[in-house]
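J.: after the sequence you'll find the predicted model.
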Amino acid sequence: MILYIKYMVSQRCKMMVKAELFNLDLQYVEVDLGTVEIKGNITPEQRILLKENLLVSGLELLDDKKSILIEKIKNVIIEMIHYSDEFPKANYSDYISKKLNYDYTYLANVFSEVNGITIQQFIITHKIERVKELLLYKELNLTEIAHRLHYSSVAHLSNQFKKVTGLSPSFYKQLKHKRMENLENV
(Lines give C-alpha, C1' and ligand atoms only; values in the text may rest on other atoms or scores of the structure.)
Protein backbone atom coordinates (compact mmCIF):
# COMPACT_ATOMS: atom_id res chain seq x y z
CA MET A 1 0.00 0.00 0.00
CA ILE A 2 1.33 3.44 -0.91
CA LEU A 3 0.72 6.52 1.23
CA TYR A 4 1.31 10.07 0.04
CA ILE A 5 2.69 12.72 2.38
CA LYS A 6 2.66 16.45 1.75
CA TYR A 7 5.68 18.65 2.61
CA MET A 8 8.01 15.62 2.74
CA VAL A 9 10.89 17.16 0.82
CA SER A 10 14.10 16.36 2.69
CA GLN A 11 16.10 13.58 4.27
CA ARG A 12 15.09 14.88 7.71
CA CYS A 13 11.42 14.51 6.77
CA LYS A 14 12.07 10.94 5.68
CA MET A 15 13.66 10.21 9.05
CA MET A 16 10.67 11.68 10.92
CA VAL A 17 8.26 9.56 8.85
CA LYS A 18 10.30 6.41 9.50
CA ALA A 19 10.20 7.14 13.24
CA GLU A 20 6.41 7.57 13.15
CA LEU A 21 6.00 4.33 11.22
CA PHE A 22 8.17 2.55 13.78
CA ASN A 23 6.12 4.02 16.66
CA LEU A 24 2.92 2.70 15.08
CA ASP A 25 4.50 -0.68 14.35
CA LEU A 26 4.03 -0.19 10.61
CA GLN A 27 6.60 -1.91 8.45
CA TYR A 28 7.59 -0.21 5.22
CA VAL A 29 9.19 -1.30 2.00
CA GLU A 30 10.40 2.16 1.03
CA VAL A 31 10.22 5.73 2.27
CA ASP A 32 10.85 8.26 -0.48
CA LEU A 33 10.18 11.96 -0.96
CA GLY A 34 6.40 12.30 -0.67
CA THR A 35 5.64 8.58 -0.63
CA VAL A 36 5.74 5.63 1.71
CA GLU A 37 5.21 2.05 0.66
CA ILE A 38 3.76 0.10 3.57
CA LYS A 39 3.96 -3.69 3.88
CA GLY A 40 0.40 -4.94 3.99
CA ASN A 41 -2.51 -2.69 4.91
CA ILE A 42 -2.94 0.06 7.45
CA THR A 43 -5.91 0.01 9.83
CA PRO A 44 -8.20 3.04 10.02
CA GLU A 45 -6.96 3.63 13.59
CA GLN A 46 -3.32 3.53 12.50
CA ARG A 47 -4.11 5.90 9.61
CA ILE A 48 -5.72 8.41 12.00
CA LEU A 49 -2.78 8.20 14.41
CA LEU A 50 -0.25 8.52 11.61
CA LYS A 51 -2.10 11.52 10.18
CA GLU A 52 -2.21 13.24 13.61
CA ASN A 53 1.43 12.48 14.42
CA LEU A 54 2.64 13.70 11.03
CA LEU A 55 0.72 16.96 11.44
CA VAL A 56 2.67 17.64 14.65
CA SER A 57 5.86 17.41 12.55
CA GLY A 58 4.46 19.70 9.85
CA LEU A 59 3.70 16.89 7.42
CA GLU A 60 0.31 15.95 6.04
CA LEU A 61 -1.04 12.54 5.03
CA LEU A 62 -2.95 13.05 1.78
CA ASP A 63 -6.26 11.47 0.90
CA ASP A 64 -7.72 13.16 -2.20
CA LYS A 65 -6.46 12.40 -5.70
CA LYS A 66 -5.74 16.00 -6.77
CA SER A 67 -3.59 16.68 -3.71
CA ILE A 68 -1.71 13.45 -4.29
CA LEU A 69 -1.07 14.36 -7.93
CA ILE A 70 0.13 17.85 -6.98
CA GLU A 71 2.57 16.38 -4.46
CA LYS A 72 3.84 13.95 -7.08
CA ILE A 73 4.48 16.85 -9.47
CA LYS A 74 6.27 18.85 -6.76
CA ASN A 75 8.38 15.87 -5.73
CA VAL A 76 9.48 15.17 -9.32
CA ILE A 77 10.55 18.81 -9.67
CA ILE A 78 12.28 18.99 -6.28
CA GLU A 79 14.12 15.74 -6.90
CA MET A 80 15.15 16.90 -10.38
CA ILE A 81 16.46 20.27 -9.20
CA HIS A 82 17.81 19.64 -5.71
CA TYR A 83 18.84 15.98 -5.61
CA SER A 84 19.96 15.11 -9.11
CA ASP A 85 23.33 15.98 -10.58
CA GLU A 86 22.02 15.48 -14.10
CA PHE A 87 19.09 17.44 -15.46
CA PRO A 88 16.88 15.67 -17.97
CA LYS A 89 17.90 15.95 -21.61
CA ALA A 90 14.25 16.50 -22.60
CA ASN A 91 12.41 19.68 -21.70
CA TYR A 92 10.76 19.84 -18.28
CA SER A 93 7.23 19.30 -19.54
CA ASP A 94 8.18 16.07 -21.34
CA TYR A 95 10.20 14.87 -18.36
CA ILE A 96 7.40 15.50 -15.84
CA SER A 97 4.77 14.05 -18.16
CA LYS A 98 6.79 10.90 -18.79
CA LYS A 99 7.71 10.46 -15.12
CA LEU A 100 4.06 10.67 -13.98
CA ASN A 101 2.37 9.09 -17.03
CA TYR A 102 -0.03 11.99 -17.53
CA ASP A 103 -0.52 14.51 -20.31
CA TYR A 104 1.42 17.65 -19.41
CA THR A 105 -1.49 19.97 -20.21
CA TYR A 106 -3.64 18.11 -17.68
CA LEU A 107 -0.86 18.26 -15.06
CA ALA A 108 -0.31 21.97 -15.68
CA ASN A 109 -4.02 22.76 -15.41
CA VAL A 110 -4.48 20.82 -12.16
CA PHE A 111 -1.31 22.31 -10.68
CA SER A 112 -2.33 25.89 -11.53
CA GLU A 113 -5.87 25.35 -10.32
CA VAL A 114 -4.77 24.05 -6.92
CA ASN A 115 -1.62 26.14 -6.31
CA GLY A 116 -2.40 29.40 -8.06
CA ILE A 117 0.96 29.34 -9.87
CA THR A 118 2.18 27.52 -12.95
CA ILE A 119 4.51 24.54 -12.95
CA GLN A 120 7.05 26.76 -14.72
CA GLN A 121 6.89 29.34 -11.90
CA PHE A 122 7.38 26.54 -9.36
CA ILE A 123 10.40 25.28 -11.31
CA ILE A 124 11.91 28.77 -11.52
CA THR A 125 11.47 29.30 -7.78
CA HIS A 126 13.25 26.05 -7.00
CA LYS A 127 16.00 26.66 -9.54
CA ILE A 128 16.72 30.04 -7.93
CA GLU A 129 16.80 28.40 -4.48
CA ARG A 130 19.27 25.87 -5.89
CA VAL A 131 21.37 28.70 -7.38
CA LYS A 132 21.46 30.38 -3.95
CA GLU A 133 22.56 27.12 -2.38
CA LEU A 134 25.28 26.57 -4.97
CA LEU A 135 26.50 30.16 -4.64
CA LEU A 136 26.75 29.94 -0.87
CA TYR A 137 27.98 26.41 -0.24
CA LYS A 138 29.80 25.23 -3.35
CA GLU A 139 32.82 26.70 -4.97
CA LEU A 140 31.16 26.99 -8.37
CA ASN A 141 31.17 30.08 -10.55
CA LEU A 142 28.08 31.37 -12.36
CA THR A 143 29.05 29.72 -15.62
CA GLU A 144 29.27 26.32 -13.94
CA ILE A 145 25.97 26.88 -12.11
CA ALA A 146 24.23 28.01 -15.32
CA HIS A 147 25.49 24.90 -17.09
CA ARG A 148 24.52 22.57 -14.22
CA LEU A 149 20.96 23.96 -14.05
CA HIS A 150 20.53 24.09 -17.84
CA TYR A 151 20.27 27.84 -18.26
CA SER A 152 20.86 28.96 -21.83
CA SER A 153 23.43 31.50 -20.60
CA VAL A 154 24.85 33.19 -17.53
CA ALA A 155 22.89 36.31 -18.53
CA HIS A 156 19.63 34.31 -18.48
CA LEU A 157 20.44 32.94 -15.02
CA SER A 158 21.40 36.40 -13.75
CA ASN A 159 18.25 38.02 -15.12
CA GLN A 160 16.01 35.36 -13.63
CA PHE A 161 17.85 35.50 -10.30
CA LYS A 162 17.46 39.27 -10.10
CA LYS A 163 13.80 39.09 -11.11
CA VAL A 164 13.05 36.62 -8.28
CA THR A 165 15.33 37.92 -5.51
CA GLY A 166 15.86 41.58 -6.42
CA LEU A 167 19.63 41.00 -6.20
CA SER A 168 22.28 40.07 -8.71
CA PRO A 169 23.95 36.68 -8.10
CA SER A 170 27.32 38.35 -7.47
CA PHE A 171 25.83 40.75 -4.90
CA TYR A 172 24.06 37.83 -3.23
CA LYS A 173 27.37 35.96 -2.95
CA GLN A 174 29.08 39.09 -1.55
CA LEU A 175 26.46 39.20 1.23
CA LYS A 176 27.74 35.82 2.42
CA HIS A 177 31.33 37.05 2.52
CA LYS A 178 30.31 40.18 4.43
CA ARG A 179 28.42 38.06 6.98
CA MET A 180 31.47 35.84 7.38
CA GLU A 181 33.74 38.86 7.90
CA ASN A 182 31.36 40.27 10.51
CA LEU A 183 31.38 36.95 12.38
CA GLU A 184 35.16 36.86 12.36
CA ASN A 185 35.29 40.34 13.90
CA VAL A 186 33.05 39.40 16.84
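T.: Arrived safely, thanks for sending. Residues are numbered from 1 along each chain as shown.

J.: which residue ranges of this structure form helices?
T.: Applying DSSP state H to the chain gives helices spanning 11-23, 44-56, 65-82, 92-100, 104-115, 119-137, 142-148, 154-165, 169-184.

J.: in JSON lines, list the ones you listed along with mean neighbour count, mean pLDDT and distance to V36.
T.: No exception for glycine: its C-beta is placed from N, CA and C like everyone else's. Shown next, in JSON lines, are those (neighbours: other Cβ atoms under 10 Å; pLDDT from 0 to 100; distance: least, Cβ to Cβ, whole Å):
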{"stretch": "helix 11-23", "mean neighbour count": "15", "mean pLDDT": "90", "distance to V36": "6"}
{"stretch": "helix 44-56", "mean neighbour count": "14", "mean pLDDT": "91", "distance to V36": "9"}
{"stretch": "helix 65-82", "mean neighbour count": "18", "mean pLDDT": "89", "distance to V36": "12"}
{"stretch": "helix 92-100", "mean neighbour count": "17", "mean pLDDT": "91", "distance to V36": "18"}
{"stretch": "helix 104-115", "mean neighbour count": "15", "mean pLDDT": "92", "distance to V36": "22"}
{"stretch": "helix 119-137", "mean neighbour count": "17", "mean pLDDT": "91", "distance to V36": "23"}
{"stretch": "helix 142-148", "mean neighbour count": "17", "mean pLDDT": "89", "distance to V36": "30"}
{"stretch": "helix 154-165", "mean neighbour count": "16", "mean pLDDT": "94", "distance to V36": "32"}
{"stretch": "helix 169-184", "mean neighbour count": "12", "mean pLDDT": "69", "distance to V36": "36"}
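
J.: buried stuff in stretch 2-12?
T.: Within stretch 2-12, the residues that count as buried by 16 or more other Cβ atoms under 10 Å are L3, Y4, I5, K6, M8, V9.

J.: quick one: which of the helices of the chain is nearest G34?
T.: Nearest of these to G34, taken as Cβ to Cβ: helix 65-82 at 3.9 Å.

J.: how far off centre is the closest one?
T.: Computed by Cα atoms, centre = their mean, to the nearest Å, the separation of helix 65-82 from the middle of its chain amounts to 7 Å.

J.: for that helix, name the packing helices and strands.
T.: The contact analysis (3 or more Cβ pairs under 8 Å, 6 or more residues apart in numbering; DSSP states H and E) places helix 65-82 against strand 2-6, helix 92-100, helix 104-115, helix 119-137.

J.: good, wrapping up.
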